[in-house]
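A.B. asks: Provided below for reference: sequence and predicted model.
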Amino acid sequence: MNRNKSKSSNDAGNSSGVKKRRKSSKRSSSSSTTRKLEMIFCIGILLQIYVIVKTSDLSRLSHGGGNDTQDVGGAVQGATQSVGQGSQNVEVGKEESELILKPSEILAKYDGQNVDTLVSDTERTKSIIASRLGLMEASTDIVDKMSKINISIVVSHCEENIKWIANYVGKEYVVKDITIYSKCDKNVRGLKELEALSSTINVIKLPNVGRCDHTYANWIQEHYASIAKETDGNDIVMFLKDHARYRRKYLPIDLLFSQTTRSGFACVTKPICDCDKKCLNGFHVPTMQHKRDYLLDFSLNEYKRVDRDENSVFLSDEYKSLKKWNEKMGFVIPQSETMPVCYGGIFAAQKKQVLNQSEESWKKMEMSLSRADNIIEGHYAERMWASLLSDLNIDSAMAVDEVLSPHVVKMVRRPKGDLVCGMAGMLYVHKNSKITVPGDE
């Protein structure tokens, strides 16, 4: 009996202990759940604050605000934010750098609404917008169209084999004439291959000054007076270097000619920022367009790409910035918020685009580029070719601004004279932005 009572008492005690432990466990579990909920709530609040701050920053970028000079090439990483006019949320931060090389394949095809009240030359303006923002596709009948247009090729040669030009242009296009400016006293290799493109090939020696930009300015001022807008204004001139070092970034030739015939100018090289790894964010697609103020403030302290680049006379006492150089040349460009830039120094344009600027301005440009070989003026010229050879129609320039502005997600900002990145002012859109060209129904 006593043993049974003792056992019963022990069972009761054990039962009571278990109940106490269960209550304690429930309280501990409840407390842990509460703490997790509080943490989740706090994280949610912080994310909302982060998105609000970033949205504010992006709004200032789109509308020209902000005076800081740090690079924002990779600033919007690892967050979720709203991009463009819609409410679509997109994750930013994943590395997909290859995408940045193909903006025409990433961005949506254009459709849009009415643009008649915005611009006077609707079709030309739509083509300019599509070309600048990487939305244009090659015309299906471009080969037939180009058969009625004369093509001239201008090559700035130093030492490379130029046979790549024949492969790039291809056998479907007939070239009227090729002018090769040899500037380094080296034999021109690849002439035989170019004979398949044209029966008229001229090799002219020039002093080794001003790089490719001096070569192009020389050709323009030499041919300026002979260009007649009514008869050969729609003919096309390709301005090329002797090397194809960045061939993987080139537009297909059909697309290049499509852009040139429809908008007046086309950059051979696709827009890309390769200043540093921060720029290679696969969700941000670079455009030709740059924020005007940042671009015109551009300058460099020195430049050395190859061993022969010597910097003792690189800087100019007269031209401290791109803006100062442009004003001295007397070039005319539309007063828009953004400006196009063609990096790489290779492009094509309709001949009539040359007449947008005065003959005197082209002569001043050639003279300024004759100072030496490796000079800051060449970098100024590189950033201005797209504007100088594009339409001067202010309506078209502002239409580009209006279409692009809501979709800007970042801008490259670099201090003046920075050696790492000379692409100050370059504007990016998100790869999922549904950019449309108004009026293309």
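C.D. replies: Nice, I can see it.
A.B. asks: hmm, residue 177 is touching residue 152, no?
C.D. replies: Yes. Look at residue 177 against residue 152 with CB atoms under 8 Å: they come within range, at 5.3 Å. In short, each C-beta sits where N, CA and C put it, glycine included.
A.B. asks: and the two? which has more neighbours close in?
C.D. replies: residue 152 (21 against 15; other CB atoms under 10 Å).
A.B. asks: gap between that one and residue 434?
C.D. replies: Residue 152 is 39 Å from residue 434, where distance means CB to CB, to the nearest Å.
A.B. asks: what's across from residue 204 in the sheet?
C.D. replies: residue 181 (DSSP bridges).
A.B. asks: burial of it, as a residue count?
C.D. replies: Residue 204: 14 neighbours (other CB under 10 Å).
A.B. asks: repeat for residue 230
C.D. replies: For residue 230, using other CB under 10 Å, the count is 7.
A.B. asks: only C-alpha atoms, please: export the helix or strand that contains it in PDB.
C.D. replies: Assigned by DSSP states H and E, residue 230 falls within helix 229-232. What follows is helix 229-232, C-alpha atoms only, in PDB (Å, rounded to 0.1, in the frame of the first residue of the first chain):
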ATOM      1  CA  LYS A 229      21.900  68.300 -99.900                       C
ATOM      2  CA  GLU A 230      19.500  67.800-102.800                       C
ATOM      3  CA  THR A 231      21.500  65.500-104.900                       C
ATOM      4  CA  ASP A 232      23.900  63.500-102.600                       C
END
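A.B. asks: buried sites along it?
C.D. replies: For helix 229-232, a neighbour-count test (16 or more other CB atoms under 10 Å) marks residue 232 as buried.
A.B. asks: identify all contacting residues around the helix or strand that comes right after it.
C.D. replies: Downstream of helix 229-232, the first helix or strand assigned by DSSP H and E is strand 236-241. With contact meaning CB atoms under 8 Å, 6 or more residues apart in numbering, strand 236-241 is reached by 146, 149-156, 160, 165, 169, 212, 216, 219, 257, 260-261, 268, 345-351, 354, 385.
A.B. asks: can you turn the buried part of these into a PyMOL selection?
C.D. replies: Typed into PyMOL, the next command selects the buried ones out of these (criterion: 16+ other CB under 10 Å):
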select buried, resi 146+149+151+152+153+154+155+156+160+165+169+212+216+219+257+260+261+268+345+346+347+348+349+350+351+354+385
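A.B. asks: in the chain, what helix or strand scores lowest on average pLDDT?
C.D. replies: strand 79-82 (a mean of 26; mean pLDDT, DSSP states H and E).
A.B. asks: got the residue ranges for the helices in the stretch 301-441 of the chain?
C.D. replies: In the stretch 301-441 of the chain, the helices defined using DSSP state H, counting those that start in this stretch lie at 322-329, 359-368, 376-388, 394-404.
A.B. asks: can you lay out the ones you listed as CSV showing distance to residue 230 and mean pLDDT?
C.D. replies: What follows is the helices of the stretch 301-441 of the chain, written out as CSV (distance: least, CB to CB, whole Å; pLDDT from 0 to 100):
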stretch, distance to residue 230, mean pLDDT
helix 322-329, 27, 96
helix 359-368, 18, 97
helix 376-388, 22, 96
helix 394-404, 21, 91
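A.B. asks: can you put those helices in JSON lines and add distance to residue 314?
C.D. replies: Formatted as JSON lines, these follow (distance: least, CB to CB, whole Å):
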{"stretch": "helix 322-329", "distance to residue 314": "14"}
{"stretch": "helix 359-368", "distance to residue 314": "14"}
{"stretch": "helix 376-388", "distance to residue 314": "6"}
{"stretch": "helix 394-404", "distance to residue 314": "32"}
